[in-house]
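**Student:** the following comprises the amino acid sequence and a computationally predicted model.
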Amino acid sequence: MIEKAKLNDLEEVYELICILEQKQLNKAHFDKVFQEGIQNEDVEYLVYRKDEKILGFLSFSIHHYLHHDDDTGKIVELVVMPEHRGLRIGEKLLQAIEDIARERKLEQIELSTSTYRKKAHHFYEVHGYIKDHYNYTKNIK
């Protein structure tokens, strides 16, 4: 079942995000950002829960850009437990956030994905997303 994440989901979501990033993240920073996101009306955290266990997570933020006619949304993270991939959990999370975006009358949804995540590229393309931007990053720390 898909539902909005709650504060007590923090530990399981942290585990999923560490799986997504393939490293242990700064837990204190994660806790702070997660708690702020839960309280922010422009942030959506969705979890896919089965038998009291979180199997998937999607984070989404709403942006108010000058160069768009309406607000837009961005999928920031989407991750499913590796042993549960291929069971349409990611698809269900994607559909749920698209429904929320429509309810909020957003213009579009965008996302970034690392160049090496070929399966993710295919997943998004199958679900109607198109590659139309370049995303550049620069480490400054």
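**Tutor:** Perfect, I can see it now.

**Student:** what pairs with the strand or helix carrying residue 58, and is each one parallel or antiparallel?
**Tutor:** Take DSSP states H and E as the rule and residue 58 turns out to sit in strand 53-63. According to DSSP bridges, the neighbouring strands of strand 53-63, each with its direction, are strand 43-50 (antiparallel), strand 72-80 (antiparallel).

**Student:** kindly reformat the ones you listed as TSV containing mean neighbour count.
**Tutor:** C-beta coordinates here come from the backbone N, C-alpha and C atoms, glycine included. What follows is the strands paired with strand 53-63, written out as TSV (neighbours: other Cβ atoms under 10 Å):
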stretch	mean neighbour count
strand 43-50	19
strand 72-80	20
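
**Student:** before we move on, back to that, which of the residues in the strand holding residue 58 are buried?
**Tutor:** Counting neighbours by 16 or more other Cβ atoms under 10 Å, one finds that the buried residues in strand 53-63 are 54, 55, 56, 57, 58, 59, 60, 62.

**Student:** ok, which of the strands paired with strand 53-63 comes nearest residue 36?
**Tutor:** strand 43-50 (8.0 Å; Cβ to Cβ).

**Student:** run through who's touching the closest one.
**Tutor:** Residues outside strand 43-50 that contact it (Cβ atoms under 8 Å, 6 or more residues apart in numbering): 1-5, 9, 12-13, 34, 36-38, 54-62, 80, 89, 92-93, 96-97, 100.

**Student:** residue 22: which of the buried residues of strand 53-63 is nearest?
**Tutor:** When these are compared for distance to residue 22 (Cβ to Cβ), residue 57 wins out at 15.4 Å.
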